[in-house]
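Undergrad: Sequence and predicted structure are below.
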Amino acid sequence: MPNDLPSIESLNQQFGSESVKFRVGEGGLIQCRVQNQFASVEFYLQGAHVTHYQPLDAAPVLWMSNVSKYAPGQAIRGGIPICWPWFGAHDENPDWPQHGFARTQCWKVRAVLETDSSTEVLLGLTESPSTLELLNQSFDARYRISVGKQLTVELAVTNTGQAPLEKIGCALHSYFSISQIETLKLDGLDGKSYLDKLDQKVKTQAGPVIVDQEIDRIYRETSSPITISDQGAGRQLRVSGTGSHSTVVWNPWVNKSKRMADFPDHGYQNMICVETANAGADVRTIPPSETHAIAQTIELV
Ligand code: BG6
């Protein structure tokens, strides 16, 4: 672990409260637990990675791999990884880390704000020698985790350099826990065109999304909320985004699950990724001194 990490004691002293507590989590990584009158949420400073969200009196909303790695510099599997500053493989350097570096960097706690309606934790990431190797520009990224009646995560990035930040991709890559993939239905994408990443063809969605094989799609021009109907569990989740016109839907199905060491072989039966994104043609340019923000709100209907 890098030795400039804050101690658990200093984090609790500076930011801890009745509802916000820092502790040592899996793999010795620093974890924060927020527990208020609305929900419990856990996240790691590595990747600003939310790994747990459970509204009061409800079952957990996010899916986590029970064979995820928790190690410095390794992506955690499940929860809400932040893909940034690119989504998927890097355009020009396919050997660079898939989905960028935000999900493996250690973020700093900047503030905790508690009101009657929410507990918010604000995290920050700026350029460092390791990020400059992959993005030779300076930036100030803020990630807000807001735990209220809903869970909102928001990534706001300001370009603190002199040149534009170009072709910036992102995904708030949420893994949702579902009872069984056969009874899942996604509404809100009907009529949208999408890039099918499996054969690189552009297609059009007809009706709700049903998953009965591997699916890896970037839906375009999305704006409306997406409803995840888990008909097996009799539960609906609404996923809304801002600062995004693209939505990624992913389930690895049988073979890809087996190929991923940190993904249980049968895990695909109980998860679906619905990702609020800036992917495909929806990548963004952030001029110097300007900010682009993207957010996802998750609520039980
Ligand atoms: C999805 C991509 O967002 O993330 C998939 O569309 C990819 O192509 C998946 O397989 C998982 O990526 P990773 O890097 O976490 O294994």
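TA: Yep, it's here.

Undergrad: Apart from its chain neighbours, what residue comes closest to Leu54?
TA: For residue 54 the amino acid is Gln, not Leu. Sequence neighbours aside, Pro60 is the residue nearest to Gln54 in space, at 4.6 Å (criterion: Cβ to Cβ, 6 or more residues apart in numbering). From N, CA and C alone the C-beta is placed, and that goes for glycine too.

Undergrad: Sorry, slip of the keys, the one I care about is Ala277.
TA: Spatial nearest neighbour of Ala277, chain neighbours left out: Ala171 (4.1 Å); criterion: Cβ to Cβ, 6+ apart.

Undergrad: Now that neighbour: which helix or strand?
TA: Taking DSSP states H and E as the definition, Ala171 sits inside strand 170-172.

Undergrad: can you tell me which residues contact Leu122?
TA: Val109, Arg110, Ala111, Val112, Leu113, Arg142, Tyr143, Arg144 (Cβ atoms under 8 Å, 6 or more residues apart in numbering).

Undergrad: would a markdown table of those residues with distance to the ligand be doable?
TA: Formatted as a markdown table, the contacts of Leu122 follow (distance: Cβ to the nearest ligand atom, whole Å):
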| residue | distance to the ligand |
| --- | --- |
| Val109 | 25 |
| Arg110 | 26 |
| Ala111 | 29 |
| Val112 | 29 |
| Leu113 | 30 |
| Arg142 | 23 |
| Tyr143 | 18 |
| Arg144 | 22 |
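
Undergrad: now that we have the residues you listed, which one has the most neighbours?
TA: Highest neighbour count within those, by other Cβ atoms under 10 Å: Tyr143, with 25 neighbours.

Undergrad: what's across from the residue lying closest to Ala281 once chain neighbours are set aside in the sheet?
TA: Nearest non-adjacent residue to Ala281, counting by Cβ to Cβ, 6+ apart: Arg220, 6.8 Å away. Per DSSP bridges, the residues bridged to Arg220 are Ser246.

Undergrad: roughly how far apart are Arg220 and the ligand?
TA: 14 Å (Cβ to the nearest ligand atom, to the nearest Å).

Undergrad: likewise His245?
TA: Taking Cβ to the nearest ligand atom as the measure, His245 falls 16 Å from the ligand.

Undergrad: Quick one: residues contacting that residue.
TA: Arg220, Glu221, Thr222, Ser223, Asn278, Asp282 are the contacts of His245 under Cβ under 8 Å, 6+ apart.

Undergrad: circling back: so the residue nearest to Ala281 sits against Tyr194, correct?
TA: Yes - using Cβ atoms under 8 Å, Arg220 is in contact with Tyr194, at 6.3 Å.

Undergrad: neighbour count winner among the two?
TA: Ranked by neighbour count (other Cβ under 10 Å), Arg220 and Tyr194 place Tyr194 first, with 25 against 17.

Undergrad: And the more buried one, how close does it get to Ala279?
TA: 11 Å (Cβ to Cβ, to the nearest Å).

Undergrad: ok so Glu18 is a helix residue?
TA: No - under DSSP: H, G, I helix; E, B strand; the rest coil, Glu18 falls outside any helix and is assigned coil.

Undergrad: Pull up the gap between it and Trp253, please.
TA: As judged by Cβ to Cβ, Glu18 and Trp253 stand 43 Å apart.

Undergrad: Please say which of the two ends up with more neighbours.
TA: Trp253 (16 against 9).

Undergrad: what helix or strand does the residue in the stretch 151-300 of the chain that the ligand sits nearest to sit in?
TA: Closest to the ligand within the stretch 151-300 of the chain is Trp250: 4.2 Å, counting by Cβ to the nearest ligand atom. If you go by DSSP H and E, Trp250 is part of strand 246-251.
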